[in-house]
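> Need a 3D model of the following:
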Amino acid sequence: MSNNETGYTPPPVWTWDSESGGRFANINRPVAGATHDKDLPVGEQPLQLYSLATPNGVKVTIMLEEVLALGKTAAEYDAWLINISEGDQFGSGFVAANPNSKIPALVDHSTESPTRVFESGAILMYLAEKFDAFLPAAQPARAECLSWLFWQMGSAPFLGGGFGHFYAYAPEKYEYPINRYAMEVKRQLDVLDQRLAQAPYLAGEDYSIADMAVYPWYGVLVTGEIYDAQEFLQVDGYTQVKAWAGKIAARPAVQRGERVNRVWGPEELRVPERHSASDLD
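This next block holds a predicted model:
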């Protein structure tokens, strides 16, 4: 469909229309930085996480719960709710922790001076190296793990910002972007399905941060928990991905991590803030 047929022709210079963002219009803007002064709370645990239980946030809480399940008590953490629909990510304290104003952000107070880490993939690597867990030490498994981790970081914008946005959240439905991103998401699911036909986990024989990164996006997509697009995408055809997702979903630490910073769904699954293991018990 040509631009003329859609009724829209891009102007010579783009200008921001704050009313055109649909349900996200109140939090989207074309500039960075804080919109208001607000310090971040700091609890008693070594690690301070500022997040929300979106797929990117869940990656990190799963990792922290998995490390704690290994008995590594230094991974104890406070998880503070950052409500992105209300613009908490634009508070001055959060912007200091993550200048990109996206969840999650981690601040490690166990170091000589507090260490900030932002971007979910970077946080997973930081924690894996800090606690010597879920990142293979030897090659080629280490390279395979990191390759799949970065695959997810590069691919998820097509699933979330592309397919998810136009299929589920855009104020109007448009055939071209939905078709374009559905095609790419199905290709990505096929990439995963073929890999998981070769090995039980993405890095090979062992569960790793690559699985933790991919599961909250693609695993949850095929299990029916995001976008309500399972029939549309025919996810039942990706049998290896579905089997892998079911295996990960059954892990107790995954079930715990998925509840942290959650403010929707059944009441018993909501743990808006987490300050000790008892908050999940």
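
> Not counting its neighbours along the chain, what's nearest the most centrally placed residue in the chain?
Centre of the chain computed as the mean C-alpha position; nearest residue by C-alpha atoms, centre = their mean is Asn56, 1.2 Å away. Leaving out its chain neighbours, the residue that sits closest to Asn56 by C-beta to C-beta, 6 or more residues apart in numbering is Ser120, at 4.5 Å. Just so you know, the C-beta spots here come from the backbone N, C-alpha and C atoms, and that holds for glycine as well.

> Also Phe163?
Nearest non-adjacent residue to Phe163 (C-beta to C-beta, 6+ apart): Tyr181, at 3.7 Å.

> Surely Asp190 is in contact with Tyr238?
Yes. Asp190 lies in contact with Tyr238 (C-beta atoms under 8 Å); the separation is 7.2 Å.

> Show me the helices in the stretch 51-200 of the chain, by range?
Applying DSSP state H, counting those that start in this stretch to the stretch 51-200 of the chain gives helices spanning 55-69, 92-97, 120-131, 141-157, 175-196.

> Got the domain ranges for this protein?
Following the TED database, one gets these domains for the chain: 15-133, 140-250.

> Quick check: beta-bridge partners of His80?
You called it His, but residue 80 is Trp. In this entry, Trp80 is beta-bridged to Tyr50, by DSSP bridges.

> Contact partners for it?
Residues near Trp80 by C-beta atoms under 8 Å, 6 or more residues apart in numbering: 40-41, 43, 48-51, 261, 273.

> before we move on, the earlier item: ok, now which ones touch the residue nearest to the centre of the chain?
102-104, 120, 156, 216.

> Then Ala133?
Applying C-beta under 8 Å, 6+ apart to Ala133 gives the contacts 66-67, 70, 72, 127.

> One more pass at 7 Å, please.
67, 70, 72 (C-beta atoms under 7 Å, 6 or more residues apart in numbering).

> do Val95 as well
Val95 touches 33-34, 101, counting by C-beta under 7 Å, 6+ apart.

> run the last query once more with 10 Å
Applying C-beta atoms under 10 Å, 6 or more residues apart in numbering to Val95 gives the contacts 32-36, 38, 40, 89, 101, 105.

> Endpoints of stretch 24-32, how far apart?
By C-alpha to C-alpha, to the nearest Å, the extent of stretch 24-32 from end to end equals 16 Å.

> Give me the average confidence score over that stretch.
Per-residue pLDDT over stretch 24-32 has a mean of 82.

> what's the answer for stretch 45-64, then?
98.

> what about it, start to end distance?
Stretch 45-64 has its terminal residues 12 Å apart, counting by C-alpha to C-alpha.

> Check stretch 205-220 too.
Where stretch 205-220 begins and where it ends lie 21 Å apart, using C-alpha to C-alpha.
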